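Q: coords please:
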Amino acid sequence: MCDDFAVELCDETEVHEASLALVREKLPPEAELCDLAELFKVFGDPTRVRILYVLHEAELCVCDIAAALSMTPSAVSHQLKILKQSRLIRSRREGKSVFYALADGHVHSILGQGMDHVRE
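A: Residues are numbered from 1 along each chain as shown. Below is the predicted model of the structure:
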C-alpha cells in the first residue's frame, strides 16, 4: 500500500485554545452546514455536473441539453428538477419553450473554480 496520502499525527495531545476559540467563533450553525453538505451532494452526481457545465456555457432548453449530452429529454427533466430545487438553476419561458440557465454568479464560480482545481 502506498503511504503518499498517510495522515501524520501529533506526537502528543495538546489543544491549542486560541485556535480552537477562533474556529468555534466562526463555525456556522449546524443547519447551515447541513445545507452546504446537501448542496455538495447535488454536485456529487456526474449527470448533474454535466448539465450544469453545459448551462455554464449557454442558456438552453431541455431539448438542447438532451441533444448536447446525448440524453433523453425525460432524463434531463428529472435532473433539472433536482437542480432547480437546489436553487442552482433558473428557468424562463419564451413562447412555447422553457430555457434554463445557472441561477447566479455563485454557481458559475463554483463550477469554474472546481474545474480549475481539477485541472491543476
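
Q: state the distance from residue 103 to residue 24.
A: 32 Å (CB to CB, to the nearest Å). (Each C-beta comes from the backbone N, C-alpha and C, glycine too.)

Q: comparing those two, which shows the higher neighbour count?
A: The neighbour comparison of residue 103 against residue 24 (other CB atoms under 10 Å) goes to residue 103, with 17 against 8.

Q: quick one: residues contacting that one.
A: Neighbour list for residue 103: 87, 88, 89, 90 [criterion: CB atoms under 8 Å, 6 or more residues apart in numbering].

Q: next one: residue 115
A: With the criterion set at CB under 8 Å, 6+ apart, residue 115 makes contact with residue 53.

Q: distance-wise, check it relative to residue 22.
A: For residue 115, the distance to residue 22 - CB to CB - is 31 Å.

Q: for residue 70, same thing?
A: From residue 70 to residue 22 the distance is 49 Å (CB to CB).

Q: and if you look at residue 65?
A: Taken as CB to CB, the span from residue 65 to residue 22 is 44 Å.

Q: what residues sit buried inside stretch 13-22?
A: When neighbours are counted by 16 or more other CB atoms under 10 Å, no buried residue of stretch 13-22 is found.

Q: ok, which stretches of the chain are strands?
A: For the chain, the strands defined by DSSP state E cover 60-61, 89-94, 97-102.
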